[in-house]
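K.L.:
sequence and predicted structure below; questions after.
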Amino acid sequence: MFERCIGLAWCSSCRIYCGNMVHVPRKRVLVDALASLPREQRERLARSETRLIEFLDRQAPGSRD
């Protein structure tokens, strides 16, 4: 019925995030924000939590870049 996933909540203004376990319906398709990136860039982001969060922050609508 449900899958357990890690959910992250991010505040771009204060640059603080928190995470917890969330339940997602099995039929729900989750978007992979890194899918369009070359393999090397995905791997680089996966090795650094800081780089990953900064990348995702820049992708958000209304980001500060």
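P.N.:
Everything's here; your move. Since this is a predicted model, take the numbers as computed values, not measurements.

K.L.:
quick one, phi/psi of Arg44?
P.N.:
Note on Arg44: backbone dihedrals following degrees, to the nearest 10 are phi -60, psi -40.

K.L.:
quick check: it vs His23, distance?
P.N.:
Taking Cβ to Cβ, to the nearest Å as the criterion, Arg44 is separated from His23 by 31 Å. The way it works is simple: take the backbone N, C-alpha and C, and place the C-beta from them, glycine included.

K.L.:
nearest residue to the residue nearest the centre of the chain other than its sequence neighbours?
P.N.:
The residue at the geometric middle of the chain, judged as the C-alpha nearest the mean C-alpha position with Cα atoms, centre = their mean, is Leu56 (5.8 Å). On the basis of Cβ to Cβ, 6 or more residues apart in numbering, the spatially nearest residue to Leu56 that is not a chain neighbour turns out to be Ala33, at 6.1 Å.

K.L.:
adjacent strands (with direction) for the helix or strand of the chain with the lowest mean pLDDT?
P.N.:
Within the chain, judged by mean pLDDT, DSSP states H and E, the helix or strand with the poorest mean is strand 2-11; its value is a mean of 82. Counting by DSSP bridges, the strands paired with strand 2-11 are strand 16-25 (antiparallel).

K.L.:
for the record, mean pLDDT for the lengthiest helix in the chain?
P.N.:
In the chain, taking DSSP state H as the definition, the longest helix is helix 49-59. For helix 49-59, the mean per-residue pLDDT is 85.

K.L.:
from Leu30, how far off is Arg15?
P.N.:
The gap separating Arg15 from Leu30 is 24 Å, by Cβ to Cβ.

K.L.:
no, scratch that, I was asking about Arg47
P.N.:
Where Leu30 is concerned, Arg47 sits at a distance of 21 Å (Cβ to Cβ).

K.L.:
with Phe2 instead?
P.N.:
When Phe2 is compared with Leu30 (using Cβ to Cβ), they lie 13 Å apart.
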